[in-house]
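Novice: Okay, sequence plus prediction incoming.
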Amino acid sequence: MKLYPLQFEPILKDRIWGGTKLKTYLNKPIFSEITGESWEISTVENDVSVIANGFFKGKSLNEIISEFPKEVLGTKVYEQFGKQFPLLFKYLDAREDLSIQVHPNDELAAKRHNSFGKTEMWYVMQADENTRLIVGFKEKSSPNEYLKSLENKTIIDILDTKKVKKGDVFFLETGTVHAIGAGTVIAEIQQTSDITYRLYDFDRVDNQGNTRELHIDLALDAINYNVVEAQKDYSKVVNCSNEMVNCPYFTTNFIPLDGKIEVKKDKKSFTVYMCVEGNFELEYKGESYTYKTGDTVLVPAEMALFKINGKASLLEIYIS
């Protein structure tokens, strides 16, 4: 059985800060007023993606990787990670501000949680007027200043805020204190990890009157207290792969697609396309597959030559 482009059932997550844009903007099948996340491709424990199309419909991503590890993951990815899928892909809708948080690096995450760290990036798909994100400190900080600011509820004052618009990109290395601001829809690419240390949650309570757990002490040695430059500039040459982020964990390119291009791969890594705007087709061995805004597709590494055609904005992700 030949492999083909794989799509997955979205894993939908209600969040205290979520809304309805994942339905109205990205066509996700949500029935809640507070859906914050659509996990598009995941092998996080208890949240493993299930294939939604074609011959393997109903099988999990882990099952298909177990059956065809090198063909799905790629020779280099398999060599590096074995049968683990190393990335997690999401869309997020922030109706309210997310908590201020930080993610541990690989070393800390392995020691404390037997997990990967959580390096991630954001692509802003939609932003209301005057929407802001929090990324790092305004000036170099310290553990003492961090603890004092939490005690005084002034942590916002020492953090850097960025006004954002559609198309903005942020690369968040582990240790970067951050928060997504209200009024944004974001495509997120990250290591396979669900480890988050929550520092401050604006004293919010859920509908049972409970606050969410904070991880103030755990975060102490996870935080990078230096000033960071997280926002990334990138080119937008039509029908080309324009590099946005290139790190040891993933490479992400931006493709402004207008017409047809041929894609050649070397079978070292799978490729994922997130359609952040428009519509496109993928043609492979005489078959055609169609996608729209909000769709995410995993192209197995075995698919070394294919064409994409349409008018769309695509994020192209692989491991280099």
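Specialist: Alright, I've got the coordinates. Residues are numbered from 1 along each chain as shown.

Novice: did I read that right, R15 in a strand?
Specialist: Yes: R15 forms part of a strand when assessed by DSSP: H, G, I helix; E, B strand; the rest coil.

Novice: Now it: closest residue in space, sequence neighbours ignored.
Specialist: G36 (2.9 Å; CB to CB, 6 or more residues apart in numbering). In this view, the C-beta of every residue, glycine as well, is placed from N, C-alpha and C.

Novice: now K260
Specialist: Closest to K260 by CB to CB, 6+ apart is N309, at 4.1 Å.

Novice: Would you map out the domains in this structure?
Specialist: Using automatic domain parsing, the domain parsing of the chain gives 11-232, 242-318.

Novice: Okay, strands next: where are they in the stretch 151-300 of the chain?
Specialist: Along the stretch 151-300 of the chain, the segments classed as strands by DSSP state E, counting those that start in this stretch run 159-163, 169-172, 178-179, 184-191, 197-200, 231-232, 242-246, 251-264, 271-284, 287-292, 296-299.

Novice: so what strands line up beside the fourth one?
Specialist: Based on DSSP bridges, the strands next to strand 184-191 in the sheet, each with its direction, are strand 87-94 (antiparallel), strand 120-127 (antiparallel).

Novice: Need those strands in TSV (columns: mean pLDDT and mean neighbour count).
Specialist: Converted to TSV, the strands paired with strand 184-191 look like this (pLDDT from 0 to 100; neighbours: other CB atoms under 10 Å):
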stretch	mean pLDDT	mean neighbour count
strand 87-94	98	24
strand 120-127	98	23
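
Novice: right, and F306 touches F280 too?
Specialist: No: if you go by CB atoms under 8 Å, F306 and F280 don't touch, sitting 11.7 Å apart.

Novice: If you count surrounding residues, which of the two has more?
Specialist: Taking other CB atoms under 10 Å, F306 and F280 do not tie; F280 has more neighbours (22 against 19).

Novice: hmm, back to that, relative to K162, which of the strands paired with strand 184-191 is closest?
Specialist: Closest to K162 of those is strand 120-127 (CB to CB; 10.1 Å).

Novice: after the closest one, next one along is what?
Specialist: For strand 120-127, the following helix or strand on the C-terminal side (DSSP states H and E) is strand 132-137.

Novice: Run the chain-centre distance for that next one.
Specialist: From the chain centre to the centre of strand 132-137 is a distance of 17 Å (CA atoms, centre = their mean, to the nearest Å).

Novice: From the contact counts, what lies against it?
Specialist: strand 159-163, strand 169-172, strand 178-179 (3 or more CB pairs under 8 Å, 6 or more residues apart in numbering; DSSP states H and E).

Novice: Please identify the deepest-packed of these.
Specialist: Across the helices and strands packed on strand 132-137, the average number of neighbours (mean count of other CB atoms under 10 Å) peaks for strand 178-179, which reaches a mean of 24.

Novice: That one packs against which elements?
Specialist: If you count contacts as 3+ CB pairs under 8 Å, 6+ apart, strand 178-179 packs onto strand 100-102, strand 132-137.

Novice: Rebuild the ones you listed as a markdown table, extending it with mean neighbour count.
Specialist: Formatted as a markdown table, the helices and strands packed on strand 178-179 follow (neighbours: other CB atoms under 10 Å):
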| stretch | mean neighbour count |
| --- | --- |
| strand 100-102 | 22 |
| strand 132-137 | 22 |
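
Novice: Need these in JSON lines (columns: mean pLDDT and distance to G183).
Specialist: Shown next, in JSON lines, are the helices and strands packed on strand 178-179 (pLDDT from 0 to 100; distance: least, CB to CB, whole Å):
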{"stretch": "strand 100-102", "mean pLDDT": "96", "distance to G183": "17"}
{"stretch": "strand 132-137", "mean pLDDT": "97", "distance to G183": "9"}
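
Novice: With T251 as the reference, name the closest of those.
Specialist: Closest to T251 of these, according to CB to CB: strand 132-137, at 20.9 Å.
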